[in-house]
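A.B. asks: Give me a 3D structure for the following:
(one chain, ligands or ions: 2)
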Amino acid sequence: MTLTHNLGFPRIGQRRELKKALESFWKGEIDESTLRETGRALRAKHWQIQQAAGLDLIPVGDFSYYDQMLDMSALLGAIPARYGFAYGTVDFATYFAMARGDAAQPALEMTKWFDTNYHYLVPEFTAETRFQLSSTALFEAVAEAQALGVQPKPVLIGPLTYLWLGKERAAQAERAENHPPAVAGCGHSHAAPRVHAAGFDRLSLLDRLLPVYAEILARLKAQGVNWVQMDEPALVLDLPAEWLGALDRIYAALATADAPRILLTTYFGSVAEIAGQLKRLPVAGLHLDLVRASGQLEAFLADYPADKVLSLGVVDGRNVWRADLDAALSTLEAVRAVLGERLWIAPSCSLLHVPMDLEEESGLDPELKSWLAFAVQKLDEVKILGTALDHGRESVAEPLAAARAARQGRRNSTRIHNPAVSARVAALTPGDDQRRSAFPQRQAAQRERFGLPLFPTTTIGSFPQTDAIRRARLQFRKGMIEAAAYEQAMQGEIEYAVRRQEALGLDVLVHGEAERNDMVEYFGEQLEGFSFTRHAWVQSYGSRCVKPPIIFGDVSRPRPMTVSWTRYAQSLTERPMKGMLTGPVTILQWSFVRDDQPRAETALQIALAIRDEVRDLERAGIGIIQIDEPAYREGLPLRKKDWEDYLAWASRSFRIAASGVDDATQIHTHMCYSEFNDILPAIAAMDADVITIETSRSQMELLDAFGQFDYPNEIGPGVYDIHSPRVPATEEMIALLEKASRVVPPERLWVNPDCGLKTRKWEEVEPALRNMVDAARALRASTRRG
Ligand SMILES: Nc1nc2c(c(=O)[nH]1)N[C@@H](CNc1ccc(C(=O)N[C@@H](CCC(=O)N[C@@H](CCC(=O)N[C@@H](CCC(=O)O)C(=O)O)C(=O)O)C(=O)O)cc1)CN2
Ligand SMILES: [Zn+2]
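C.D. replies: Ligands and ions are numbered 1, 2, ... in the order given. Sure, this is the predicted structure:
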């Protein structure tokens, strides 16, 4: 029998039950045991779904109250000293303080999980970090599953990936946060080959880390666990040689008689280059992502060791299209002939990144629906493939035929092709992605037009999405209020935001995005070629979810999308009103994208739609237009060799969206979650007049790179961390701006928060922005132009 299994299941709940329970718990509306009960019920339900699908091994430990990396930090006891945890087990107070910050401490840093829109909490290490088993959640989940008759396969993030995704921090810096300096001497490890700014290399922590992993494995074995899934997605990255070298040491230490059998799981890319090394590891099996990297199979099939299983991920865990089962079977049958029952079948990666169940989408167009598979449907696909291998294709002739018909229907559907769109893309000329003049001329024209002060202040776009706003939208969607009433309510919100900004003394205003459910979904709903769902939520971080639109066909813009709201907002004020759009790369990256044409082609189509919107805004008298590209960095391929190609089409798409305007129209862009020190030339190549970036959490670290590279255009380094409820003091922001002024000439600096304010409350936003405006004024007073 061919073993079928799953790598991870969505945990937020079909109706976002976990989100709702978490947010109620944080507000003090429910107690800890009620939250835990919600978690337990969701785990049980999700295991039963997977068991009912007929899978042999079911992941356990993929559930999390916030994030799986944070869970690993709790399990391993990697709790930074500033959270005041000593020993024992990590309680909810400590766990959520690390996740979200509390009165005493800021949260751990949060960043993107590989090239996904999921965010993880970055493990933080000092030279003194010690590990110790500090959570029993995983063992309890295993017992829970066993009690329900489920064959659990616990999921752990492997030591290499866990350390790689973490960050060194100087012990002094950590202490300075809130604790008096410790008297202890400097315990830096100089054994590490690479010494970091923090004075040590986190790889040097491996010797302290491995015994805790071994202890976890031994405990699982004692519980009767046969297989453990060790996720090592970091192996698909460009890893330094000493990190790759550590792999042998890690698995020699862990794959012992005291541990369950280890399935070493890779996903999101190819590990063909290290196939030899992986095959020699003492683990009991390997998992490969054949959706992202089908070519890597060959490197493994040659001399695949007799003592290992090979799990092949042939069902796409990152996208929502129904699988090509015929093609998958052809691959699998060939491997089966070589490996026999050592071949396992699974989705390519955890299903965390797709919505839960397509059956819930009753409103979706039936034709489009027939092309799709969400997590529950993907499990069925895995099982059908397993059955076909064991009992022949005839045994599943019906589902195979249905899948074939759906794919053929999709390929031939007239709805996906729009000749006008392809013609327009084909007709693009080299000049279409260039502004009329170079930046210095534009800058002069814009200064003349807007006459802004030095250190102009602005915000990134959204203001708080209050309950009243969400309620009005829900009522409108349910037909409880008319379009006119909804419009009036949103205009009221826009007016409120404008008046508040005027009172605060901001220089460039925004309308506040009250009318948008999400910065990508909102545009998807208005563009042709996109479809959107009702319940297809995907976790973005913690309790926050998104409903990515589905791009199924050629993209075009039937009518203006933002012009009337923006014109209304501008009519309320004499100050410049910034038009607010989402850029082509971000719309692409945060949607489920068609897989029947290159991403670059789809990006160009979106770029043309946004270009039309930009021009319409300009025609409506909007002089400053921001085109957000927060996913620009996230879209960067995982391997360096693929960067150039991506950056060329991504920056061209942005320029096509932005370049249809006059010199005196000022184009802004915004990026957050951005470690882009290494792609600054490509950022400069976007040629935005102004870029706002996230810098406050890293204390302007990123800005140094902009200074060194001599970034030519204007920059707004974020001076206020909007992910925290904390209100930053004026002096703090002055200090950040002074630091910024030392690397970027003051006449090129803007003053703004790190990102939009939609997740905050007005009570937090108002004082923070007041302090920000005061900081800008103080800087103006102490700086002379030129
Ligand atoms: N797509 C995307 N990715 C992104 C970001 C982003 O803004 N968008 N920002 C960065 C951080 N990620 C974030 C992701 C989500 C949210 C966020 O606030 N999401 C909201 C949902 C937003 C939304 O779609 N809201 C809808 C639906 C609101 C809703 O929940 N309605 C209920 C009805 C009300 C009820 O019954 O309680 C329902 O439909 O069930 C609306 O406003 O209309 C949430 O989880 O709470 C914030 C940041 C990176 N990635
Ligand atoms: Zn942002």
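
A.B. asks: quick one: what helix or strand has Asp380 in it?
C.D. replies: Applying DSSP states H and E as the criterion places Asp380 in helix 375-391.

A.B. asks: how about that helix: buried residues?
C.D. replies: Counting neighbours by 16 or more other Cβ atoms under 10 Å, one finds that the buried residues in helix 375-391 are 375-379, 381-389. For every residue, glycine as well, the C-beta is placed using N, CA and C.

A.B. asks: What number of residues are in the vicinity of the nearest residue to Ala275 once chain neighbours are set aside?
C.D. replies: Across the structure, with Cβ to Cβ, 6 or more residues apart in numbering as the measure, the residue nearest Ala275 apart from its sequence neighbours is Ala299 (3.8 Å). Applying the criterion other Cβ atoms under 10 Å, we find 17 residues in the vicinity of Ala299.

A.B. asks: Ala299 reaches Ile274, doesn't it?
C.D. replies: No. With contact taken as Cβ atoms under 8 Å, Ala299 and Ile274 are classed as non-touching, separated by 9.1 Å.

A.B. asks: Where do the strands of the stretch 301-450 of the chain begin and end?
C.D. replies: Counting by DSSP state E, counting those that start in this stretch, one finds strands in the stretch 301-450 of the chain at the ranges 309-315, 343-347.

A.B. asks: coming back round to it: wait, a helix at the residue nearest to Ala275?
C.D. replies: Yes. Secondary structure assignment (DSSP: H, G, I helix; E, B strand; the rest coil) places Ala299 inside a helix.

A.B. asks: So it versus Ser696, what's the distance?
C.D. replies: Distance check for Ala299 against Ser696: by Cβ to Cβ, to the nearest Å, it reads 44 Å.

A.B. asks: and if you look at His353?
C.D. replies: The separation that His353 has from Ser696, given Cβ to Cβ, amounts to 29 Å.

A.B. asks: Counting neighbours around each, name which of those two comes out higher.
C.D. replies: Regarding His353 and Ser696, a neighbour count based on other Cβ under 10 Å identifies His353 as having more, with 25 against 22.

A.B. asks: surely that one meets Thr116?
C.D. replies: Yes. In this structure, His353 sits in contact with Thr116. The criterion is Cβ under 8 Å, and the distance is 5.6 Å.

A.B. asks: shared neighbours of the two, anything?
C.D. replies: Shared contacts of His353 and Thr116, defined by Cβ atoms under 8 Å, 6 or more residues apart in numbering, are found at Arg318.

A.B. asks: Please list which of the buried residues of helix 375-391 are also close to ligand 1.
C.D. replies: Of the entries in the buried residues of helix 375-391, none also sits close to ligand 1 under the rule Cβ under 6 Å from any ligand atom.

A.B. asks: Of all residues in this protein, which one is nearest the centre?
C.D. replies: To find the centre residue of the chain, average its C-alpha atoms and take the closest one (Cα atoms, centre = their mean): that gives Asn117, at 2.0 Å.

A.B. asks: Spell out which parts of this protein neighbour ligand 2.
C.D. replies: Residues of the chain lying close to ligand 2 by Cβ under 5 Å from the ion are Pro630, Cys672, Cys755.

A.B. asks: Flag the least confident of these.
C.D. replies: pLDDT across the residues of the chain next to ligand 2 is at its lowest for Cys672, which sits at 87.

A.B. asks: Find the residue closest to that residue in space, skipping its chain neighbours.
C.D. replies: The shortest distance from Cys672 to any residue that is not its chain neighbour, by Cβ to Cβ, 6+ apart, is 4.0 Å, and that residue is Glu694.

A.B. asks: Quick check: that neighbour touching Gly718?
C.D. replies: Yes. Proximity of Glu694 to Gly718 meets the contact threshold set by Cβ under 8 Å, at 5.0 Å.

A.B. asks: Using the three-state scheme, assign the residue in the stretch 1-150 of the chain positioned nearest to ligand 1.
C.D. replies: As assessed by Cβ to the nearest ligand atom, ligand 1 sits closest to Asn117 within the stretch 1-150 of the chain, at 5.0 Å. On the three-state scheme (three-state DSSP), Asn117 is labelled coil.

A.B. asks: Please apply the same query to the one 3 residues further on.
C.D. replies: Here Tyr120 takes the strand state, with states given by three-state DSSP.

A.B. asks: what residues are up against it?
C.D. replies: Applying Cβ under 8 Å, 6+ apart, one finds that Tyr120 lies in contact with Asp67, Gln68, Met69, Leu70, Met110, Thr111, Lys112, Trp113, Leu165.

A.B. asks: please redo it, this time with the cut-off set to 10 Å
C.D. replies: For Tyr120, the set of contacting residues under the criterion of Cβ atoms under 10 Å, 6 or more residues apart in numbering consists of 66-70, 72-73, 108-114, 157, 165, 541.

A.B. asks: Look up the closest residue to it, ignoring the ones flanking it.
C.D. replies: Closest residue to Tyr120 apart from its sequence neighbours, by Cβ to Cβ, 6+ apart: Met69 at 4.0 Å.

A.B. asks: my guess is the one you found meets Phe114, correct?
C.D. replies: No. In this structure, Met69 sits apart from Phe114 without contact. The criterion is Cβ atoms under 10 Å, and the distance is 11.7 Å.

A.B. asks: what residues do those two have in common as contacts?
C.D. replies: The contact sets of Met69 and Phe114 overlap at Tyr120, Leu165 (Cβ under 10 Å, 6+ apart).

A.B. asks: These two - which one has more neighbours?
C.D. replies: Counting neighbours by other Cβ under 10 Å for Met69 and for Phe114 shows that Met69 has the greater number, 23 against 18.

A.B. asks: quick one: secondary structure of Arg534?
C.D. replies: Under three-state DSSP, the three-state class of Arg534 is coil.

A.B. asks: returning to what we had before: determine the set of other helices and strands touching the helix holding Asp380.
C.D. replies: With contacts defined as 3 or more Cβ pairs under 10 Å, 6 or more residues apart in numbering; DSSP states H and E, the secondary structure elements packing on helix 375-391 are strand 3-4, helix 32-52, strand 309-315, helix 325-339, strand 343-347, helix 397-412.

A.B. asks: how about the residues of the protein that lie near ligand 1?
C.D. replies: Taking Cβ under 6 Å from any ligand atom as the measure of proximity, the chain contacts ligand 1 at 117, 465, 470, 473-474, 517-521, 540-541, 544-547, 590, 759.

A.B. asks: In strands, which of these appear?
C.D. replies: In this view, these that belong to strands under DSSP state E are Ser540, Tyr541, Arg544, Cys545, Val546.

A.B. asks: quick one: contacts for the second one?
C.D. replies: I take that to be Tyr541. With contacts defined as Cβ under 10 Å, 6+ apart, the neighbours of Tyr541 are 66-67, 99-100, 110-113, 117-121, 723.

A.B. asks: just the residues you listed now: which is nearest ligand 2?
C.D. replies: His723 (9.9 Å; Cβ to the ion).

A.B. asks: For His670, identify the helix or strand it belongs to.
C.D. replies: Using DSSP H and E, His670 maps to strand 666-671.

A.B. asks: what about the helices in the stretch 601-750 of the chain?
C.D. replies: When assigned using DSSP state H, counting those that start in this stretch, the helices of the stretch 601-750 of the chain occupy the ranges 643-658, 680-684, 701-709, 730-743.

A.B. asks: Of those helices, flag the one that's most buried.
C.D. replies: Looking across the helices of the stretch 601-750 of the chain with neighbours counted as mean count of other Cβ atoms under 10 Å, the highest average goes to helix 643-658: a mean of 21.

A.B. asks: I'd like to check the angle between it and strand 666-671, please.
C.D. replies: Going by axes from the mean of the first three to the mean of the last three Cα atoms, to 10 degrees, helix 643-658 is angled at 140 degrees with respect to strand 666-671.
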